[in-house]
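In: Fold the following, please.
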Amino acid sequence: MGFFSWIGNFIKEFASLFVVFIISVAVCAGLLYAFNIFWALYVSTPIGRQFIKLFGSDAAAIERILSYRPLFLSVHINLVVVKICIAGGAIGRLLLLVRYLYEYRGFWGRLFFWGVPCICLSAYFIRISFNFEWTAALLLSAICTLVLLNRCIQVVSRLLPEIRFLK
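Out: From the prediction side, this is the model:
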């Protein structure tokens, strides 16, 4: 495989990753917009006002999430998730982990070996960036990771070689 053919594959793979990224941004932003609308409806009811009085810290955490523009928050979260998934996939590919812990696994195996670590690392960085609660950061990163993980690891698997040890 020549250099120009590798560049062509690189552009093709990242174009397909970009399409999945845009879909993930749209899904996450749509959920954040819907959550914003439902929260506004909920706090306008008597039960919602009582919730704010009784659970002020939880309401403040929700308001902190909703203080960001949904599209901005969605793009930032998806960028964090893509970086984590590509870095994890690259390390796993170079160390032959993708072959044994990803390629021959079903959905639950992939989720356990790859999804959970990527979700936790993404949530950690989202929590640091936005000062969110753990549950909010985990939920936001889980949604995006479930959409992006498969494509990120496929891109890395098609572009990076495995390290093969000599006998």
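
In: which helix is the longest one in this protein?
Out: The single longest helix within the chain, with elements called by DSSP state H, is helix 3-43.

In: so what secondary structure elements neighbour it?
Out: When contacts are defined as 3 or more Cβ pairs under 8 Å, 6 or more residues apart in numbering; DSSP states H and E, helix 3-43 sits against helix 46-54, helix 56-66, helix 70-94, helix 134-159. Heads up, the C-betas are built off the backbone N, CA and C, glycines and all.

In: Quick one: work out the angle between that helix and helix 46-54.
Out: For helix 3-43 against helix 46-54, the angle between stretch directions is 100 degrees (axes from the mean of the first three to the mean of the last three Cα atoms, to 10 degrees).

In: let's have the chain start at 42 instead
Out: Done: numbering now begins at 42, and the last item shifts to helix 44-84.

In: Distance from helix 44-84 to the middle of the chain?
Out: Here the centre of mass of C-alpha atoms in helix 44-84, compared against the chain's by Cα atoms, centre = their mean, to the nearest Å, lies 10 Å away.

In: And stretch 135-144, by the same measure?
Out: Between the mean C-alpha point of stretch 135-144 and the mean C-alpha point of its chain there is a distance of 20 Å (Cα atoms, centre = their mean).

In: For that stretch, give me every contacting residue.
Out: Outside of stretch 135-144, the residues that reach it under the criterion Cβ atoms under 8 Å, 6 or more residues apart in numbering are 130, 132-133, 150-151, 154-155, 194, 197-198, 201, 203-204.

In: Then stretch 116-133?
Out: 58, 62, 65-66, 69, 138-139, 142-143, 155, 158-159, 162-163, 166-167, 170-171, 181-182, 185-186, 189-190, 193-194, 196-198, 201.

In: Now restrict these to buried residues only.
Out: Buried residues within those, counting neighbours by 16 or more other Cβ atoms under 10 Å: 58, 62, 65-66, 69, 138-139, 143, 155, 159, 162-163, 166-167, 171, 181-182, 185-186, 189-190, 193-194, 196-198, 201.

In: Show me what secondary structure element comes after the one helix or strand in the chain whose mean pLDDT sits lowest.
Out: The helix or strand of the chain with the lowest confidence, counting by mean pLDDT, DSSP states H and E, is helix 138-139 at a mean of 84. Later in the chain than helix 138-139, the nearest helix or strand by DSSP states H and E is helix 148-151.

In: buried set for that next one?
Out: Buried residues in helix 148-151 (16+ other Cβ under 10 Å): residue 151.

In: next structured bit after it?
Out: From helix 148-151 onward toward the C-terminus, using DSSP H and E, the following helix or strand is helix 157-171.

In: Quick check: the closest residue to residue 188 other than its chain neighbours vs residue 48, distance?
Out: Spatial nearest neighbour of residue 188, chain neighbours left out: residue 65 (4.1 Å); criterion: Cβ to Cβ, 6 or more residues apart in numbering. The span separating residue 65 from residue 48 equals 25 Å under the rule Cβ to Cβ, to the nearest Å.
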